[in-house]
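**Q** Kindly return the folded structure for what I paste below:
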Amino acid sequence: MDRRAFVSSLLAGGVAVAAGEVEKEKPVAGADDAAKVLSEHKIAKIEARKLQDRFPRFVGRNCKGNPTGTGASFQVRTLTTDKGASGWGMSWVPDDQVAKFAGARVGDLFDVAQGTCEEARNLLDFVLHDLAGNILGKPVYALLGSKGPKEVPVYSGAIYFDDIEPPGKPRGVPGVVASCQQDYEAGYRAFKLKIGRGFKWIPGKPGIQRDIEVTRAVREKFPDCKVLVDANDGYTCDDFLGYVSAVADCNLYWIEEPFQEKRDDLVKLREHMAKVGCKALIAEGEGRTERADKPWKYGGYTQRHIDTLFALAKEKLVDVFLLDLGIIGFSRWRAVMPELVQAGGQASPHTWVWSPRPYYTAHVAAGLGNVVIVEGIPAHAKGVDYSAYKFDSNGAFIMPASPGFGLGLSG
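**A** A predicted model of the protein is given here:
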């Protein structure tokens, strides 16, 4: 089968768009043919550039850190082949680490069934997925198998302690509600509220009371939206049980990292939630206190960290794994996700703080399935075209049929 016929067959059996809707897609077939098509392309040019995100507002503090501010910078790379195909994506490493791939066949660097080869996996993983998708005329989620829904729920992850900003003239609880309203108008229908003010910024009981007031105010203003809370391990177990009691009628969607993940404390939390009628999911595992000596199946996380999470999931003390998208590595999620499914856990790969990452994670959700919701970042970088992605009325991304990740890059 020649390249044109092969790509046409993929498209014919794949994504079709009618009246703005994405139809059901079939898994990618013909891995041998795909490998042949990819091997017809050699890397002719490798280019790097810095991009700057801009949030629609100043993003404040969490319980431990300083303000996020107006947006962070990030580095991307573009790969162009000798046949004129190109792909781009985040790639932090120095130029001298990727120069060796000039002249390499794309088929030697990327396999449809496995993802990016081990040698390039920590260097050009996102870039090669975008490039392969563009060459084959398929969205990345199709390369991953199209196992998840094409409407991917997304929450705004940018609701920080906007009540204590700006210094000297804090806006109070209405400041947090206003941030939620701004993101609601942008299409979000789920908000993750940072809590834990009592850890540092409003010490003691007044901080906990402010957390309660914020939670209740957002629930009252947005009765039909999901409300998630994230304490960044800023509570003691006993204080958090008091918080849960005070917001038990707020129908929290999930509770993230309330305190250091100790089994006995999580048992107390689960029992208390049952007692007061809180049905929130418990989400854990983003943070790490140690790094793996070298990348393995779970990327930069240690075996101990992963073993702890799986043990907690086995006891139904953790529902959602928050393992970071980048720390794991995009290709490695192919092997990780089946293990989470087997353990009875769902995933929501951590994405903060750069704007392309929610879109990458949405492809994990649509491609591999088992992602309960995606962390959204309401930021945009100049030169990046995000227009292929639209929210539906429920605040979910409608996954585009565009090849690769569906993000344009200009300038």
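
**Q** top strand in the chain by residue count?
**A** strand 43-54 (DSSP state E).

**Q** Mind listing residues that contact that one?
**A** Applying CB atoms under 8 Å, 6 or more residues apart in numbering, the contact partners of strand 43-54 are 70-82, 91, 95, 98-99, 101-104, 106, 109, 353-355, 377, 379-384. Any C-beta I mention is one placed from the backbone N, CA and C, and that applies to glycine too.

**Q** In strands, which of the residues you listed fall?
**A** Using DSSP E, these in strands are 73-81, 380-381, 384.

**Q** Quick one, which of those residues are buried?
**A** Among the ones in strands among the contacts of strand 43-54, the ones that count as buried by 16 or more other CB atoms under 10 Å are 74, 76-81, 380-381, 384.

**Q** of all the residues you listed, which comes closest to Arg270?
**A** Phe74 (37.6 Å; CB to CB).

**Q** Find the residue closest to that closest one in space, skipping its chain neighbours.
**A** Once flanking residues are discounted, Phe74 sits nearest to Trp354: 4.5 Å by CB to CB, 6 or more residues apart in numbering.

**Q** burial measure for that neighbour, as a count.
**A** Applying other CB atoms under 10 Å, we find 21 other residues in the vicinity of Trp354.

**Q** Distance check, it against Ile377.
**A** Going from Trp354 to Ile377 by CB to CB, to the nearest Å gives 7 Å.

**Q** rewinding a little: from what I see, the residue nearest to Phe74 and Gly71 are in contact.
**A** No. Using CB atoms under 8 Å as the test, Trp354 is too far from Gly71 to be in contact (9.1 Å).

**Q** so what sits against both of these two?
**A** With CB under 8 Å, 6+ apart, Trp354 and Gly71 have common neighbours 53, 379.

**Q** Now do the contacts for the nearest residue to Gly107 once chain neighbours are set aside.
**A** Spatial nearest neighbour of Gly107, excluding adjacent residues (CB to CB, 6+ apart): Ser39 at 3.1 Å. Ser39 sits next to 105-108 when contact means CB under 8 Å, 6+ apart.

**Q** can you map out the helices along this protein?
**A** For the chain, the helices defined by DSSP state H cover 3-12, 31-39, 106-109, 118-136, 140-143, 173-186, 205-221, 237-246, 263-276, 303-314, 325-328, 333-343, 357-368.

**Q** Comparing those by mean pLDDT, which bottoms out?
**A** Note on the helices of the chain: lowest mean pLDDT is at helix 3-12, with a mean of 38.

**Q** can you pull the buried residues of stretch 226-238?
**A** Using 16+ other CB under 10 Å as the test for burial, stretch 226-238 gives 226-235, 237.

**Q** Likewise for stretch 168-177?
**A** Buried residues in stretch 168-177, defined by neighbour count with 16+ other CB under 10 Å: 171, 173, 175-177.

**Q** Return the member of those residues nearest to Asn122.
**A** Val176 (37.6 Å).

**Q** Kindly reformat the ones in strands among the contacts of strand 43-54 as JSON lines containing distance to Gly300 and pLDDT.
**A** Shown next, in JSON lines, are these (distance: CB to CB, whole Å; pLDDT from 0 to 100):
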{"residue": "Ser73", "distance to Gly300": "22", "pLDDT": "97"}
{"residue": "Phe74", "distance to Gly300": "18", "pLDDT": "98"}
{"residue": "Gln75", "distance to Gly300": "18", "pLDDT": "98"}
{"residue": "Val76", "distance to Gly300": "21", "pLDDT": "98"}
{"residue": "Arg77", "distance to Gly300": "20", "pLDDT": "98"}
{"residue": "Thr78", "distance to Gly300": "25", "pLDDT": "98"}
{"residue": "Leu79", "distance to Gly300": "24", "pLDDT": "98"}
{"residue": "Thr80", "distance to Gly300": "29", "pLDDT": "98"}
{"residue": "Thr81", "distance to Gly300": "30", "pLDDT": "98"}
{"residue": "His380", "distance to Gly300": "28", "pLDDT": "98"}
{"residue": "Ala381", "distance to Gly300": "25", "pLDDT": "98"}
{"residue": "Val384", "distance to Gly300": "26", "pLDDT": "98"}
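
**Q** Now render the residues you listed as CSV, adding distance to Pro400.
**A** Supplementary listing: the ones in strands among the contacts of strand 43-54 in CSV, determined by distance: CB to CB, whole Å:
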residue, distance to Pro400
Ser73, 26
Phe74, 22
Gln75, 24
Val76, 19
Arg77, 22
Thr78, 20
Leu79, 21
Thr80, 22
Thr81, 23
His380, 17
Ala381, 18
Val384, 14
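
**Q** tell me the domain ranges of this structure?
**A** 3-138, 151-409 (automatic domain parsing).

**Q** Now for the nearest residue to Asp239 once chain neighbours are set aside: which residues touch it?
**A** The spatially closest residue to Asp239, leaving aside those adjacent along the chain, is Ile208, at 6.0 Å (CB to CB, 6+ apart). Contacts for Ile208 (CB under 8 Å, 6+ apart) come out as 197-198, 239, 242-243.

**Q** Could I get the contacting residues of the closest residue to Leu309 other than its chain neighbours?
**A** Once flanking residues are discounted, Leu309 sits nearest to Gly285: 4.8 Å by CB to CB, 6+ apart. Gly285 makes contacts with 261, 305, 309, 318, 321-323, as judged by CB under 8 Å, 6+ apart.

**Q** Now list the buried members of these.
**A** 261, 305, 309, 318, 321-323.

**Q** Narrow the residues you listed to those in strands?
**A** Residues of the buried ones among the contacts of Gly285 located in strands (DSSP E): Phe321.

**Q** Relative to Ala132, which of the buried ones among the contacts of Gly285 is nearest.
**A** Leu323 (23.7 Å).

**Q** Roughly how far does Ala48 sit from Gly411?
**A** 14 Å.

**Q** Between those two, which is the more surrounded one?
**A** Comparing Ala48 with Gly411 by other CB under 10 Å, the one with more neighbours is Ala48, at 14 against 7.

**Q** ok, the more buried one to Val341 distance?
**A** Counting by CB to CB, the separation of Ala48 from Val341 is 36 Å.

**Q** cool, and Phe391?
**A** Phe391 is 27 Å from Val341, by CB to CB.

**Q** now swap in Gly145 and tell me
**A** For Gly145, the distance to Val341 - CB to CB - is 13 Å.

**Q** Looking at those two, which has the bigger crowd around it?
**A** Comparing Gly145 with Val341 by other CB under 10 Å, the one with more neighbours is Gly145, at 18 against 14.
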